[in-house]
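Colleague: output the structure for:
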Amino acid sequence: MAWGNPANIITTNLDSGTDSPASARANLKSALDELSAVISGRNTADGVAGLDASSKISATQLPDEINSTAATDLTLDPATGKVKLEEILNLKPQTTAQLNARTDKEAGDVAYCSDGGDDSAGVGCLAVYDGADWRAVQLGGTL
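Modeller: Residues are numbered from 1 along each chain as shown. Model prediction:
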């Protein structure tokens, strides 16, 4: 069921004390149908994700991918100031040339550099942007 559509709520026959109740019936019915769509749209496709007993969105309602709008960073801003990942963080590999070509660099950015830059003979490394340059953080020995 699709989420409610406010364009389907018409108040033409409901906004004056002199309006005819008979004329208002169809408008009231349409409004109640939209309310029913909102109630039935919880935890459904094209609806809204409901909250569980702990006021959290259940894992089954979370999307597999979150995309921000064009030219807008996606920001996670927890009240604790800390983002906790329970498993593995995967950074999409980028070359030194790709990292240097970025126009959105900010101090504190972290990336995985696939060619490692000048200091690692082409081996991958972590890279941290210090506000002026990408700095290679060389990887240690094999686990």
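Colleague: show me what the helix or strand Gln98 falls within is packed against.
Modeller: Taking DSSP states H and E as the definition, one finds Gln98 inside helix 96-101. If you count contacts as 3 or more Cβ pairs under 8 Å, 6 or more residues apart in numbering; DSSP states H and E, helix 96-101 packs onto strand 110-113, strand 134-137. Placement of C-beta: from N, CA and C, glycine included.
Colleague: any idea which of those is most buried?
Modeller: Stretch with highest mean neighbour count among the helices and strands packed on helix 96-101: strand 110-113 (a mean of 18; mean count of other Cβ atoms under 10 Å).
Colleague: how far does it sit from its chain's centre?
Modeller: Distance, stretch centre to chain centre, for strand 110-113: 22 Å (Cα atoms, centre = their mean, to the nearest Å).
Colleague: could you look up the next helix or strand downstream of it?
Modeller: strand 125-129.
Colleague: with that, I have no additional questions.
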